[in-house]
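Asks: got a sequence here, can you model it:
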Amino acid sequence: MESLLEKLIREGRSTPGAPQKNDAEVTIRKLTGKPIQTIE
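Replies: Predicted structure coming up:
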């Protein structure tokens, strides 16, 4: 699931179509609130 989330963030979309750039930096966080990875 985490790799799918990373792919969706990297491609900027969850629906078919050309990849889109994200408007902002996206950080995935663990339940502890500590950043584990930033995806650009």
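Asks: where do the helices sit along the chain?
Replies: Along the chain, counting by DSSP state H, helices occupy 2-11.
Asks: any idea which residue sits dead centre in it?
Replies: In the chain, the centroid-proximal residue (Cα atoms, centre = their mean) is I9; its distance is 2.7 Å.
Asks: I figured that one hits E25, correct?
Replies: No: using Cβ atoms under 8 Å, I9 is not in contact with E25; the gap is 9.9 Å. To be clear about C-beta, it is placed using only N, CA and C from the backbone, and glycine gets the same treatment.
Asks: K21 - how many residues pack around it?
Replies: Using other Cβ atoms under 10 Å, K21 has 7 other residues around it.
Asks: quick check, pLDDT for the nearest residue to it once chain neighbours are set aside.
Replies: Nearest-residue entry for K21: G12, 5.8 Å, with adjacent residues in sequence omitted and distances by Cβ to Cβ, 6 or more residues apart in numbering. According to the predicted model, the pLDDT of G12 comes to 89.
Asks: need the contact list for G12.
Replies: P19, Q20, K21, N22 (Cβ atoms under 8 Å, 6 or more residues apart in numbering).
Asks: and it, how far from E25?
Replies: Per Cβ to Cβ, to the nearest Å, G12 is found 12 Å from E25.
Asks: before we move on, what about T15?
Replies: In this view, T15 and E25 are 22 Å apart by Cβ to Cβ.
Asks: with S3 instead?
Replies: As judged by Cβ to Cβ, S3 and E25 stand 19 Å apart.
Asks: and P16, by the same measure?
Replies: As judged by Cβ to Cβ, P16 and E25 stand 25 Å apart.
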